[in-house]
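# I need the structure of the sequence given here:
(one chain, ligands or ions: 1)
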Amino acid sequence: MKKILITGASGFIGSFLVEEALMQGWEVWAGIRLTSNKTYLTNPAIHLIELDFSNKESMKELFVSFKQKSGTFDAIVHNAGITKTQKKHDFDLVNHQYTRNFIEALLLSESTPKKFIYISSLAAFGPGNEQTGQPITLMSIPNPISYYGKSKLRAEQYITSLTDFPYIILRPTGVYGPHEKDYFVMFRTINWHLETYIGTAFQQLTFLYVKDLTRIIIAASASNISNKSYFITDGNNYTTKEFSVLVKSLLNKKTITLVFPKAIVRSIAWTLEKLYSVFGSVPTLNTEKYKEISCKNWLCEGGEIWNDLTLEPRYDLKSGLKETIDWYKQENML
Ligand SMILES: NC(=O)c1ccc[n+]([C@@H]2O[C@H](COP(=O)([O-])OP(=O)(O)OC[C@H]3O[C@@H](n4cnc5c(N)ncnc54)[C@H](OP(=O)(O)O)[C@@H]3O)[C@@H](O)[C@H]2O)c1
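The predicted model follows:
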C-alpha cells in the first residue's frame with residue numbers, strides 16, 4: 001500500500017483530502033498538531049502524526065525514525081497553512097518559513113518523497129488586471145497583493161529553487177464546500193435576506209468545489225508529473241451576482257441588495273479587526289481579506305491540470321453549492 005502524508009489534515013481541505021486518499025487506497029498519515037481539532041479525523045484507518053513545523057530538528061528525528069520503521073512516504077501533500085492571522089508577520093512564518101523547515105527536515109533525514117505536492121493559492125499570482133479583464137495564466141508574472149499571497153509565492157520560490165526535489169505546485173482558486181467557514185458567512189447573510197456587494201455586483205470570479213480539488217490532489221500525488229505548477233478552477237467563470245443568485249435560489253430566499261462603496265467596506269474590515277483582536281481572534285472580513293475580495297478580476301486559466309491528469313471536474317458552482325448548502329442545512333447552520 002502506498003503511503004501518503006497530508007499536513008493540515010484537521011482543516012477544511014485537509015479533512016476532505018484524508019477521506020479522498022483513503023478512498024483511493026492510500027495508507028494515510030494525517031499531519032496535525034497537539035491542539036488540532038480532530039472532529040473529521042475519526043476514521044480508524046487514519047494514522048495521526050504530530051508535526052511541529054517550528055522545530056526542524058524534531059521533524060528530522062521523526063522522519064528518521066519513521067523511515068526505519070516504515071520507509072519513506074510515497075507522497076506528501078503540504079496543505080497546512082494560514083489564510084488569516086492577527087499578526088501579518090505570521091503569514092510569512094507559517095506559509096513560507098515553516099514550509100522551508102519541513103522540506104529541510106525531509107532532506108536532512110533523506111526522506112524525500114516520490115512526490116511533494118505544495119498547496120499554494122491563486123493569491124500567489126493574482127488578482128488579474130482589472131482594466132483588461134484578462135485571466136491569470138501560467139505565463140503571468142506573479143503580482144500578489146496580500147501578505148498571504150506573498151507568503152505563498154515565497155514558499156513556491158523556495159520549492160522551485162531546489163534540485164532533485166519532485167514537486168507539483170497547485171494553486172487553487174476559491175475553494176468552497178461543507179465545513180468551510182468564510183463562504184458560509186455569505187450563505188448566512190443571504191439566509192438573513194441580505195445580498196451584499198463590494199463596489200459592484202459583477203466581480204469576475206472562479207471557484208472550485210472541495211471534492212474536485214481533493215480528487216485532483218490525490219491523482220497528482222500518484223501521477224508521473226513532476227516539477228510543474230498549475231492553477232485549478234472548475235473551468236467556468238462566474239460573477240458575484242451569479243454566485244448570489246444561485247445561493248438565493250438554493251435557500252429559497254428573497255433579498256434586499258446592498259452595494260457598499262469600497263471605502264466603507266475597508267473601514268468595516270478595519271473596525272472588525274480591532275474589535276476581534278480584543279478577543280484574540282480574526283474576523284472573516286479583515287483588512288488583508290478586504291484587499292483580495294475588493295478586486296474585480298479573479299479569473300484564471302485552471303484547465304491544464306485536468307488535461308494532464310485526464311480528469312474532468314464533477315461539480316460546477318450550482319451542483320457544488322447545492323451539496324454545500326444541503327450540508328449546512330443538515331447541520332442546522334442555515
Ligand atoms: N480555502 C481556500 O479557498 C483555499 C484556496 C487556495 C489555497 N488554499 C490553501 O489550502 C490550504 C488549506 O486551507 P483551508 O482552507 O483548509 O484552511 P484551514 O481550514 O484553516 O486549515 C488549515 C490547516 O493548516 C493547519 N495549520 C495552520 N497553521 C499551522 C501551524 N502553525 N502548524 C501546523 N499546522 C498548521 C491547521 O491546523 P489546526 O487545525 O491545528 O489549526 C489546519 O489543519 C492552505 O494552505 C491554504 O492556503 C485554500
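
# which bits of the stretch 151-300 of the chain sit near the ligand?
With C-beta under 6 Å from any ligand atom as the criterion, the stretch 151-300 of the chain meets the ligand at residues Pro172, Gly174, Val175. Backbone N, C-alpha and C define where each C-beta goes, glycine included.

# Model confidence score at the second one, please.
Going back to what we said before, that points to Gly174. On pLDDT, Gly174 comes in at 96.

# returning to what we had before: for Thr240, state which of the residues of the stretch 151-300 of the chain next to the ligand is nearest.
The closest of these to Thr240 turns out to be Gly174 (C-beta to C-beta; 11.2 Å).

# Tell me who's in contact with that closest one.
Going by C-beta atoms under 8 Å, 6 or more residues apart in numbering, Gly174 touches Leu122, Tyr183, Leu205, Thr206, Phe207, Leu208, Trp298.

# Help me confirm that Gly126 is found in a helix?
No: if the criterion is DSSP: H, G, I helix; E, B strand; the rest coil, then Gly126 is coil and not within a helix.

# Now it: closest residue in space, sequence neighbours ignored.
Take Gly126 and drop its neighbours on the chain: the residue closest to it by C-beta to C-beta, 6 or more residues apart in numbering is Ile136, 5.0 Å away.

# I'd like the contacts of Gly174 laid out as CSV, including pLDDT and neighbour count.
Below are the contacts of Gly174 laid out as CSV (pLDDT from 0 to 100; neighbours: other C-beta atoms under 10 Å):
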residue, pLDDT, neighbour count
Leu122, 97, 26
Tyr183, 95, 18
Leu205, 96, 22
Thr206, 97, 26
Phe207, 98, 23
Leu208, 98, 25
Trp298, 95, 25
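
# Okay, and which of the residues you listed map to strands?
With strands taken from DSSP state E, the overlap with the contacts of Gly174 comprises Leu205, Phe207, Leu208.

# Beta-bridge partners for the last one, please?
According to DSSP bridges, the residues that bridge with Leu208 are Val175.

# for it, what are its contacts?
By C-beta under 8 Å, 6+ apart, the residues touching Leu208 are Pro172, Thr173, Gly174, Val175, Tyr176, Ile232, Thr233, Asp234, Gly302, Pro313.

# what does Leu275 give?
By C-beta under 8 Å, 6+ apart, Leu275 lies in contact with Pro283.

# With Met1 instead?
For Met1, the contact set (C-beta under 8 Å, 6+ apart) comprises Gly25, Trp26, Glu27.
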